[in-house]
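# Everything below, folded, please.
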Amino acid sequence: MMRAAYPIAPPTAADLNFVYHGWQFFLGADPTPSSTFTSRVLWRLQGTEHMALPIPSEPFASEALALLHAEKQAVRWVRDHMGYGQAEV
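Purely as a prediction, here's the structure:
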């Protein structure tokens, strides 16, 4: 199941700044009560406004895997919006 894109709070100091083809994202991994992580991708819009990209709601076994998935999702999103279609990443 994919979560829809929606306005969200600004990124935290722990989020990683990721720029791809001039598009700026903040990548995060949020811990869950079951000792897994969910990935989070925030796209920077105009000024200080951010939008969360749709990402799978399934948890990942580690913070590193959640961050890797967040990066791949950002790349896919840019490629889809630049007219490349779904990216193989």
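
# State the distance from residue 72 to residue 79.
Residue 72 is 11 Å from residue 79, where distance means C-beta to C-beta, to the nearest Å. Using the backbone N, CA and C atoms, a C-beta is placed for each residue, glycine as well.

# now residue 58
Plainly put, residue 58 is 22 Å away from residue 79 if you go by C-beta to C-beta.

# higher neighbour count, these two?
Neighbour count, other C-beta atoms under 10 Å: between residue 58 and residue 79, residue 79 has more, with 17 against 10.

# ok, and for the host helix or strand of the more buried one, which residues are buried?
In the assignment (DSSP states H and E), residue 79 maps to helix 63-81. Neighbour-count burial for helix 63-81 flags 66-79 (criterion: 16 or more other C-beta atoms under 10 Å).

# Now stretch 13-32: average pLDDT?
Average pLDDT, stretch 13-32: 88.

# tell me how far the ends of that stretch are from each other?
19 Å (C-alpha to C-alpha, to the nearest Å).

# and after the lowest-mean-pLDDT helix or strand in the chain, which helix or strand comes next?
When the helices and strands of the chain are compared on mean pLDDT, DSSP states H and E, strand 6-7 comes out lowest with a mean of 45. The helix or strand immediately downstream of strand 6-7 is strand 16-20, counting by DSSP H and E.

# From the contact counts, what lies against the helix or strand hosting residue 27?
Using DSSP H and E, residue 27 sits within strand 23-31. On a contact count with 3 or more C-beta pairs under 8 Å, 6 or more residues apart in numbering; DSSP states H and E, strand 23-31 meets strand 16-20, strand 37-44, helix 63-81.

# so where's the protein shaky on pLDDT?
Counting by pLDDT under 70, the chain shows low-confidence ranges at 1-11, 45-49, 84-89.

# center of it, which residue is that?
Centroid check for the chain by C-alpha atoms, centre = their mean gives residue 41 as the closest residue, at 1.8 Å.

# Surely that one is in contact with residue 52?
Yes: look at residue 41 against residue 52 with C-beta atoms under 8 Å: they come within range, at 6.7 Å.
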